[in-house]
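In: sequence unknown, structure follows:
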């Protein structure tokens, strides 16, 4: 990995927590002016007919299944021989034997090497002649996008175009998805969010107020390297947000089986300057869910973003392991766990993390974890983060906005509330958990999920509720805490939400002796979680006792990540009230109504994938 691979990673780790998705209106919405909420005029039929049709995710994935991977491997070997021949300066043409079928040894070696190099075929630009192609930089021939493409590589690109056109009815435009010429006019900008910031996603048709667009996050003209974590990609929409001739991209994705993994591994063939890192999903009966979905461009759905800029250290300087903040350590640990790329993780040491001391990065790693790993992830990881930030509390009220609900039980909610207080979480086997009175949960734990009426009356109606999921059988179960449910209504009327936000407000009660008298002090605490974790055991983990070690085992079905942002809750007091919502002003614009309307006899929104 060369030095340019990790340049300006502060943009890559701006923590948009990125699942990138869009609706049919996204293209016109992204063209809207930054200072207006109105959509541009719709294109005329003639103009629409002249617009190129880009590749959709579904069409690409379906078409990839029909590729002859044996032929692709043979062509890859041919390109490899062509590169070696050019780099060695040889004048003689390869022999007919060399041009023929690769030997078994060569095929074996190529198979081993294929997981370590990225082959790029640009489908959006015409094939270039060899004399017009720049020589690759020394030592980077295996992955530089400017590597000369052999005739076989050019024919492979055309073959893929033909497959997409003939089998999927999709044409790949030449020279439209990636616009050259931006690199020479790239701007140098100052960091904007050195201490971190929380913003709502811009939404079409609403006034701009402490919100942000995806274009403003990425700033593609200045973006060298992007590490994006995603559940899936809307490639057509994504191609309008990134200039792949300027930006090297690493996509972290999950694969539930070998067929899906093989399809993802073909992405570098279809998309320029892209490498793939597959999260290990073996034994994980869930999803790679560490993402941010729904950017508001359709004017139907909203989300919330955490951003932070990390200044790059001068050349030759790095942050030592001892000086790495807990936030940086956990982010690095998460990236290493899902990518298994030490060089990528070590590149994070080239940035200044000193202004992340007040923050915590929390995550869930898929699969069973024991020992120290169990203490760093899921519910135990949340508890540890709260304690490290000195946000532990004796009394805590939680307002949890979620876009998906599972088979909730009082026992699980008690565990999450315990972790959110910074206390040690323990195993419980009882769904009802008799020591958790429903009255206590009502007082300290409110769950926000939309009712059917709220979805129906939203701007997008019921058609917009497909990413908000809940099953009727779970809600009607005896163990489900119905009394904790509150209607999720956005403060921007008519919007649905894909937020996963926890608002924590509490007190830490301590006793001290002053002048031989015992005094009780109430230290107020407040914080917010912004991330990808819904209120489900799949997201936060199920706790059990490991049979072999007799210690705590945490089993998360999903990969998740998020950030704990502390809020100044004021001075110590002698009263027993939790901080008011006004303390969040200036840190977070809470995007939903609190305390919200209780369900009563209303029904929740049901939608199950």
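Out: Now that the structure is in, tell me what you want to look at. Quick caveat, the model's predicted, so the values are computed rather than measured. Numbering: from 1, shown residues only.
In: burial measure for the nearest residue to residue 460 once chain neighbours are set aside, as a count.
Out: The spatial neighbour of residue 460 that comes closest, neighbours along the chain excluded (CB to CB, 6 or more residues apart in numbering), is residue 300 at 3.4 Å. Heads up, the C-betas are built off the backbone N, CA and C, glycines and all. For residue 300, the neighbour count with other CB atoms under 10 Å is 22.
In: got a list of what residue 300 touches?
Out: Listed by CB atoms under 8 Å, 6 or more residues apart in numbering, the contact partners of residue 300 are 23, 458-460, 464, 495-496.
In: my read: residue 277 touches residue 254, true?
Out: No - using CB atoms under 8 Å, residue 277 is not in contact with residue 254; the gap is 10.3 Å.
In: the two: who's more crowded?
Out: Counted by other CB under 10 Å, residue 277 and residue 254 do not tie: residue 254 has more neighbours, with 26 against 17.
In: tell me what that one is bridged to.
Out: residue 279 (DSSP bridges).
In: so residue 276 makes contact with residue 264?
Out: Yes - counting by CB under 8 Å, residue 276 does reach residue 264; the two are 5.3 Å apart.
In: which neighbours do those two share?
Out: In terms of CB under 8 Å, 6+ apart, residue 276 and residue 264 are both contacted by the residues 251, 253.
In: from the contacts of residue 300, which land in strands?
Out: Cross-referencing those against strands under DSSP state E gives residue 496.
In: which one of the contacts of residue 300 sits closest to residue 222?
Out: residue 23 (27.5 Å; CB to CB).
In: check what pLDDT the closest one gets.
Out: Looking at residue 23, its pLDDT reads 38.
In: and residue 295, by the same measure?
Out: So, for residue 295, pLDDT stands at 80.
In: that one: how many residues sit nearby?
Out: Quick note: residue 295 (other CB under 10 Å) scores 31 neighbours.
In: from the contacts of residue 300, which is closest to residue 307?
Out: Of the contacts of residue 300, the one sitting nearest to residue 307 (CB to CB) turns out to be residue 495, at 20.7 Å.
In: nearest spatial neighbour of the closest one, chain-adjacent residues omitted?
Out: Residue 495 sits nearest to residue 302 (CB to CB, 6+ apart), 4.8 Å away.
In: identify the residues contacting that neighbour.
Out: 200-201, 203, 294, 296, 490, 492, 495-499, 591.
In: what residues are bridge-paired with it?
Out: residue 497.
In: would you mind measuring from it to residue 460?
Out: 11 Å (CB to CB, to the nearest Å).
In: who touches both of those two?
Out: residue 496.
In: and of the contacts of residue 302, the nearest to residue 322?
Out: Among these, and counting by CB to CB, the member closest to residue 322 is residue 499, at 36.2 Å.
In: next, give phi and psi for residue 367.
Out: phi 100, psi 170 (degrees, to the nearest 10).
In: for beta bridges, what are the partners of it?
Out: Under the criterion used here (DSSP bridges), residue 367 is bridged to residue 556.
In: surely it is in contact with residue 556?
Out: Yes - between residue 367 and residue 556 there is a contact under CB under 8 Å: 7.1 Å.
In: who has more neighbours, these two?
Out: residue 556 (27 against 18).
In: which residues touch the more buried one?
Out: So residue 556 contacts 286, 364-367, 369, 377-378, 538-542 (CB under 8 Å, 6+ apart).
In: any chance of the residues you listed in JSON lines, plus distance to residue 481?
Out: Formatted as JSON lines, the contacts of residue 556 follow (distance: CB to CB, whole Å):
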{"residue": "286", "distance to residue 481": "23"}
{"residue": "364", "distance to residue 481": "22"}
{"residue": "365", "distance to residue 481": "27"}
{"residue": "366", "distance to residue 481": "26"}
{"residue": "367", "distance to residue 481": "28"}
{"residue": "369", "distance to residue 481": "27"}
{"residue": "377", "distance to residue 481": "25"}
{"residue": "378", "distance to residue 481": "21"}
{"residue": "538", "distance to residue 481": "17"}
{"residue": "539", "distance to residue 481": "17"}
{"residue": "540", "distance to residue 481": "16"}
{"residue": "541", "distance to residue 481": "19"}
{"residue": "542", "distance to residue 481": "17"}
